[in-house]
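Student: Below is the structure, and that's it, no one-letter string:
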């Protein structure tokens, strides 16, 4: 089967929210542009913006030092849109706010260098402010077992980080999109699965404010399975290093998928 080559590039930077909603995000991207897209994604559960992290035995590099950027330099120029999201995991890794902002700023510099139309999302501040001590301890134990930060400390750091993200976006003249309280439930940091198919179009439509609402992306179990079985450029599972040439996937319209 022949495919048209992608006419546009989309770069996705984030962590577990992008992983959990990957199929929805990819379909939303295709709805927005209505043409083959080259998708390059640095995502992963517990992903840090600047240092190695490890979840269930799988080590994954930080977003800022990952292989996406070198690969991007080696690819031909294309009109590019970028999403920077899931900014906050590093607080639970005891990374100072100043260092985290430097990693995000460095990523934004690289996106600016390729002419990307970039949007970033703010932290779910209402959800963070309203989380109870018991719920916080549960999710800290499950997701960040090495962290000893108190709820009071996390709330203070999150407020500082979010304010700096908004200021960074204002300085760079890019959207810093607030998230809706209705998108979060018992889990204070992950989008409710029932809301993802309306939340992501609301966020990503900021790339195309000139077009009519894009509607709700079609769900597809087949697409979900296919995307979640694609191999990233590099991975380390219990010390075993593996590499896979990118792109590792191609969809029926010619959209390509690369993971880093």
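Tutor: Right, received. Where do you want to start? Because the structure is a prediction, the values reported are computed rather than measured.
Student: surely residue 188 meets residue 139?
Tutor: Yes - using C-beta atoms under 8 Å, residue 188 is in contact with residue 139, at 6.7 Å. C-beta coordinates here come from the backbone N, C-alpha and C atoms, glycine included.
Student: show me what contacts the closest residue to residue 207 other than its chain neighbours?
Tutor: Using C-beta to C-beta, 6 or more residues apart in numbering and skipping residues adjacent in sequence, the residue nearest residue 207 is residue 81, 4.7 Å away. Residue 81 is in contact with 8, 9, 10, 11, 116, 117, 118, 119, 207, counting by C-beta atoms under 8 Å, 6 or more residues apart in numbering.
Student: For PyMOL, write the select line for the buried members of these.
Tutor: Buried residues within the contacts of residue 81, by 16 or more other C-beta atoms under 10 Å, are selected in PyMOL with:
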select buried, resi 8+9+10+11+116+118+119+207
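Student: Next, format the contacts of residue 81 as TSV and append distance to residue 254, secondary structure and pLDDT.
Tutor: As requested, the contacts of residue 81 are exported to TSV (distance: C-beta to C-beta, whole Å; DSSP: H, G, I helix; E, B strand; the rest coil; pLDDT from 0 to 100):
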residue	distance to residue 254	secondary structure	pLDDT
8	11	strand	96
9	13	strand	98
10	14	strand	98
11	18	strand	98
116	21	coil	98
117	21	strand	97
118	24	strand	98
119	24	strand	98
207	20	helix	95
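Student: and of the contacts of residue 81, the nearest to residue 240?
Tutor: Using C-beta to C-beta, residue 11 comes nearest to residue 240 of the contacts of residue 81, at 28.0 Å.
Student: Now that closest one: closest residue in space that isn't a chain neighbour?
Tutor: residue 82 (4.1 Å).
Student: and what of residue 88?
Tutor: Closest to residue 88 by C-beta to C-beta, 6+ apart is residue 123, at 5.3 Å.
Student: any chance you could map the strands in the chain?
Tutor: With strands called from DSSP state E, the chain shows them at 8-13, 37-42, 53-55, 58-60, 80-84, 117-121, 176-177, 234-237, 240-243, 249-250, 256-259.
Student: Can you convert those strands into JSON lines and add a column each for distance to residue 131?
Tutor: Below are the strands of the chain laid out as JSON lines (distance: least, C-beta to C-beta, whole Å):
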{"stretch": "strand 8-13", "distance to residue 131": "25"}
{"stretch": "strand 37-42", "distance to residue 131": "27"}
{"stretch": "strand 53-55", "distance to residue 131": "21"}
{"stretch": "strand 58-60", "distance to residue 131": "26"}
{"stretch": "strand 80-84", "distance to residue 131": "24"}
{"stretch": "strand 117-121", "distance to residue 131": "18"}
{"stretch": "strand 176-177", "distance to residue 131": "21"}
{"stretch": "strand 234-237", "distance to residue 131": "32"}
{"stretch": "strand 240-243", "distance to residue 131": "37"}
{"stretch": "strand 249-250", "distance to residue 131": "36"}
{"stretch": "strand 256-259", "distance to residue 131": "31"}
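Student: wouldn't residue 63 be in contact with residue 13 here?
Tutor: Yes - look at residue 63 against residue 13 with C-beta under 8 Å: they come within range, at 5.3 Å.
Student: Return every residue with contacts to both of the two.
Tutor: Counting by C-beta under 8 Å, 6+ apart, the contacts common to residue 63 and residue 13 are 42, 49, 107.
Student: quick one: which of those is most hemmed in?
Tutor: Within the shared contacts of residue 63 and residue 13, residue 49 tops the neighbour count with 30 neighbours, counted by other C-beta atoms under 10 Å.
Student: any idea of the mean pLDDT in stretch 26-42?
Tutor: For stretch 26-42, the mean pLDDT works out to 96.
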